[in-house]
Structures are given as C-alpha cells and as structure tokens.
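[1] Structure, please.
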Amino acid sequence: MAVASSGSGRRPLNGVLRLAVCFVLLAFRNLANILTTLRLIAAVPLFLLVLSGAFEAAFWLFLLAALTDLVDGSVAKYLNRPTRFGAFLDPVADKLFSGLLFLALAMGALVPWWLAGLVILRDVAIGIGASLLRTRIASFRIEPLVIGKLCTLMQLLFLGLLLGDEAEVAEVSAWRDMAFWGVVAFTLASGLAYLGLGLRLARRAALR
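    Now for the predicted structure:
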C-alpha cells in the first residue's frame, strides 16, 4: 500500500513539471511577441503616470518598455521565427506607446501640441496608407524603412531625456533640446519617405 501511495503522489507532481516545462518552452518560442505585448500594456500606465506628475516612476517604466522595443526584433530574428502576428503587433505597440506618451506630455504642457500632433498624424497616416495598399496588393507587407527606424530611436531618445530631466535623474536639458529638433526632423523625413514609397507601390499596382 505504501508503494502505491508513493507512486500516485508522484504522478500529479510529474504532470505539474511537464506542464511547467511546456509553458517555459511556449514562452521561449513566443518571447519576442511577449516583449512586444508588455510594451503595449505599459502604454496606458505610463500615460497615467505622466498625467499625474509621477515622473520618476514614469521614467523607469519607460526605460523598461523602451528596452523591449530595442530587443524584441533581435529576439524574433535570432531566437524565434518572426510571425505575422508579431509583424502586425510590433508597429501597433510602437505607435500606441509613443502616441499616448506624446499626448500625455502635450496635455501636461511639456511638449507643444503641434509636436504631439505631428507624431500622431504621421503614425495614423502610415497605418491608413498600409491598410489601403493591402486592399490593392495581396502580397503587401509592411517593411520598415531605415529612416523609420531612426525616427523611432530618436523619439525614444527624446522621451527618455525628457522624462529623465523631469524626474531629476540627470541634468540633460541641453541634450533634450537637441533631441527635440531631431524628433521634428526625423518625423517629417520619415513621413515623406513612407509617403513616397506608398505612392510608388500604388502606381505599380495600377499598372498591373
């Protein structure tokens, strides 16, 4: 009886271990999407923290979320296979994350409304343009341009400097001002680049 009791006790334990191993493997295979989802989830708390003036907490949350943006692409490329869901989720997370943050900063008078509008308008225009191209080109896929990636990096740099300055983590006022105009330049340049690309693709589709 003692042997039977011991064996039945191990079966639930073995089942739990197998379940844990399966969960870890599944999480590893989807690590890039998990990181992107965490950035998406962080957008709303960060928005609320900035509105409430909790800049130190906002800075550290931003830093963690920005790190996911920097590594999820590499994780997808080298550790996991890139997926259609990940290709869709990543730009959505980027646009919601930066758009809500710029909106909160504009509402708190930390950036001008025209800058927040410029950033959000560019992202909305790219999203609408991509949707229209999908209806005309069945094989269309969103491929980020180099200028687009540089624009994202510049926005993250500016937002990090601004939040760090407001949280008094470091005195970076001069760098913050330089990054401000960098955001303006890269947002305009990347918007025009995507517009030009969209027009060229639409023209090719019309000629087919």
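[2] going forward, measure contacts and count neighbours with C-alpha atoms only.
    OK.
[3] Where does the prediction get shaky in the protein?
    1-32, 71-89, 137-142, 205-208 (pLDDT under 70).
[4] Is the residue nearest the centre of it within a helix or a strand, and which one?
    Residue closest to the average C-alpha location in the chain (Cα atoms, centre = their mean): residue 94, at 2.9 Å. Assigned by DSSP states H and E, residue 94 belongs to helix 84-107.
[5] and that helix, which residues are buried?
    86-87, 90-106 (16 or more other Cα atoms under 10 Å).
[6] Mind listing residues that contact it?
    The contact list for helix 84-107 (Cα atoms under 8 Å, 6 or more residues apart in numbering) reads 32-33, 36-37, 39-40, 42-44, 46-48, 50-51, 69, 111-113, 116, 119-120, 123, 142, 155-156.
[7] Run the chain-centre distance for that helix.
    Counting by Cα atoms, centre = their mean, to the nearest Å, helix 84-107 is centred 6 Å from the centre of its parent chain.
[8] May I see the buried residues of stretch 54-64?
    Neighbour-count burial for stretch 54-64 flags 55, 56, 58, 59, 60, 61, 62, 63 (criterion: 16+ other Cα under 10 Å).
[9] dump the residue contacts of the third one.
    Think residue 58. By Cα under 8 Å, 6+ apart, the residues touching residue 58 are 46, 49, 50, 163.
[10] what does the first one give?
    With Cα under 8 Å, 6+ apart as the criterion, the residues that contact residue 55 are 49, 163, 164, 166, 167.
[11] before we move on, which element is the third one in?
    Assigned by DSSP H and E, residue 164 belongs to helix 146-166.
[12] so what does that helix touch, helix or strand wise?
    If you count contacts as 3 or more Cα pairs under 8 Å, 6 or more residues apart in numbering; DSSP states H and E, helix 146-166 packs onto helix 55-78, helix 173-207.
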